[in-house]
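Colleague: Prediction below, plus the sequence it came from.
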Amino acid sequence: MKKVLVLRHGKAENIGGVQDHDRELHPLGVSDSKLIGKYITEINTIPDLVISSSAVRAHSTAKNVINAGSWHSKLVVNPSIYGGRAEYLLYLLAEQSEKYNSVCLVGHEPNFSTFIALSTDNIYRPFGTANIAFIEFSIDKWSDIKFGEGILSWLISPKSLK
């Protein structure tokens, strides 16, 4: 069984003149990402590996969830997640080492809601900032991951935890 957590970055600042890639987290994005990190620890679902987009808001979200939840997960930054497609996320997972049983992807819309839908039941679900989804795949090797074969166990928003 391989498990994928899909985490959208926290709410970002909207400051004129700042490139989209370089937008910082809004204070709400910081607190929401910390809340999600603690929640994942409480339910004992800490991933073995976290792969984050290189966008500042996504990388900051990844660091916040890891630190707030006291995760010992390896963190890797992957620039191709930013602006990438859902198919790239599947490819990225298929390339992972078998030593990882669970991976958390941290990034953006619309590729994350598309990835969730394609991986599970093809039903679109709104995926707000700092939302996290948990998908289970009945596979032993990441190279066997396929769209349509995952089971969406849950999708949580920070608002639902407050």
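Modeller: All right, it came through fine.
Colleague: And E136, what's its pLDDT?
Modeller: According to the predicted model, the pLDDT of E136 comes to 98.
Colleague: Oops, could you answer that again for H9 instead?
Modeller: Model confidence at H9, given as pLDDT, is 98.
Colleague: That one: neighbour count?
Modeller: H9 has 29 neighbouring residues, counting by other Cβ atoms under 10 Å. Any C-beta I mention is one placed from the backbone N, CA and C, and that applies to glycine too.
Colleague: I figured it hits G107, correct?
Modeller: Yes. H9 lies in contact with G107 (Cβ atoms under 8 Å); the separation is 6.8 Å.
Colleague: Now do the helix or strand harbouring I36: which elements does it pack against?
Modeller: Applying DSSP states H and E as the criterion places I36 in helix 27-42. Where contact means 3 or more Cβ pairs under 8 Å, 6 or more residues apart in numbering; DSSP states H and E, helix 27-42 is packed against helix 56-68, helix 158-161.
Colleague: If you count neighbours, what's buried in the shortest one?
Modeller: Meaning helix 158-161. Along helix 158-161, the positions that meet the burial threshold by neighbour count (16 or more other Cβ atoms under 10 Å) are P158.
Colleague: Residues in contact with it: which ones?
Modeller: The contact list for helix 158-161, computed with Cβ atoms under 8 Å, 6 or more residues apart in numbering, reads 31-32, 35-36, 39, 130-131.
Colleague: any chance of those residues in CSV, with pLDDT too?
Modeller: Putting the contacts of helix 158-161 into CSV (pLDDT from 0 to 100) gives the following:
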residue, pLDDT
S31, 98
D32, 98
L35, 98
I36, 98
Y39, 98
A130, 98
N131, 98
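Colleague: of all these, which two lie farthest apart?
Modeller: Looking at those by Cβ to Cβ, the two members farthest from one another are S31 and N131, with 14.6 Å of separation.
Colleague: can you give me the strands for the protein?
Modeller: Remark: strands assigned in the chain by DSSP state E are 2-8, 49-52, 74-77, 102-107, 132-137, 150-156.
Colleague: I'd like the ones you listed written out as TSV, with distance to L92 and mean neighbour count added.
Modeller: As requested, the strands of the chain are arranged in TSV below (distance: least, Cβ to Cβ, whole Å; neighbours: other Cβ atoms under 10 Å):
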stretch	distance to L92	mean neighbour count
strand 2-8	10	23
strand 49-52	7	22
strand 74-77	10	15
strand 102-107	8	25
strand 132-137	14	21
strand 150-156	15	16
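Colleague: I'd like those strands as CSV, with distance to G16 appended.
Modeller: Output for these, formatted as CSV (distance: least, Cβ to Cβ, whole Å):
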stretch, distance to G16
strand 2-8, 23
strand 49-52, 25
strand 74-77, 26
strand 102-107, 24
strand 132-137, 30
strand 150-156, 32
